[in-house]
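**Q** Just need the structure, nothing else, for what follows:
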Amino acid sequence: MALVDKVNDDIKAAMLAREKDKLEAIRAIKAALLLAQTSGEAVTEEIELKLLQKLVKQRKESAEIYSSQNRQDLADKEIFEAEIIEKYLPTQLSEEELQKVIAEIISQNSPVTIKEMGKIIGIANKQLAGKADGKSIAEIVKKLLA
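**A** Residues are numbered from 1 along each chain as shown. The predicted model follows:
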């Protein structure tokens with residue numbers, strides 16, 4: 001089932017169940033997808049994943065800002081929306097699994113210096129698209145190459 005179809009079905013279900021907060025998060029996904037479709041390019045699965053990751057990242061960053069400003073009510077709302085959006089992403093790798101995959105990438109590409117870290121991060125980001133966020137990948141690569 002295409003992501004657009006799944007989102008539309010979930011919007012209908014949330015409307016019937018009167019889940020206002022969930023509906024808001026799902027509508028944000030639909031709005032982002034429609035915006036991507038009107039850009040003129042074909043929306044591939046890879047673009048959909050990047051879109052979803054971006055939405056989750058935005059929500060988490062907003063939640064951190066709200067928390068730092070003692071607005072826990074708004075932070076909780078952002079965290080809830082991030083959790084709803086994350087359900088549309090593939091299951092994320094655990095830190096141990098992520099370390100194994102990145103260690104394998106490093107051994108295959110045999111970087112000599114820390115300067116080649118960007119190359120490894122690029123390869124890892126392509127290979128792990130949707131399964132881990134870029135920040136986690138960068139941290140583990142830095143730790144393994146140090």
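
**Q** Not counting its neighbours along the chain, what's nearest residue 11?
**A** Spatially, and ignoring its direct neighbours in sequence, residue 11 is nearest to residue 26 (5.2 Å; CB to CB, 6 or more residues apart in numbering). Glycine gets a C-beta too; all of them are placed from N, C-alpha and C.

**Q** residue contacts, that neighbour?
**A** 7, 10-11, 14, 84 (CB atoms under 8 Å, 6 or more residues apart in numbering).

**Q** Take the residues you listed and keep only those in helices.
**A** Within those, residues falling in helices by DSSP state H are 7, 10-11, 14, 84.

**Q** Derive a PyMOL selection command for the buried subset of those residues.
**A** Per 16 or more other CB atoms under 10 Å, the buried members of those correspond to this PyMOL selection:
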select buried, resi 7+10+11+14+84
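
**Q** Using a markdown table, please lay out the ones in helices among the contacts of residue 26 together with pLDDT.
**A** What follows is the ones in helices among the contacts of residue 26, written out as a markdown table (pLDDT from 0 to 100):
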| residue | pLDDT |
| --- | --- |
| 7 | 88 |
| 10 | 91 |
| 11 | 90 |
| 14 | 91 |
| 84 | 92 |
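
**Q** Pipe the ones in helices among the contacts of residue 26 into a markdown table and attach distance to residue 146 per row.
**A** As requested, those are arranged in a markdown table below (distance: CB to CB, whole Å):
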| residue | distance to residue 146 |
| --- | --- |
| 7 | 41 |
| 10 | 43 |
| 11 | 46 |
| 14 | 46 |
| 84 | 36 |
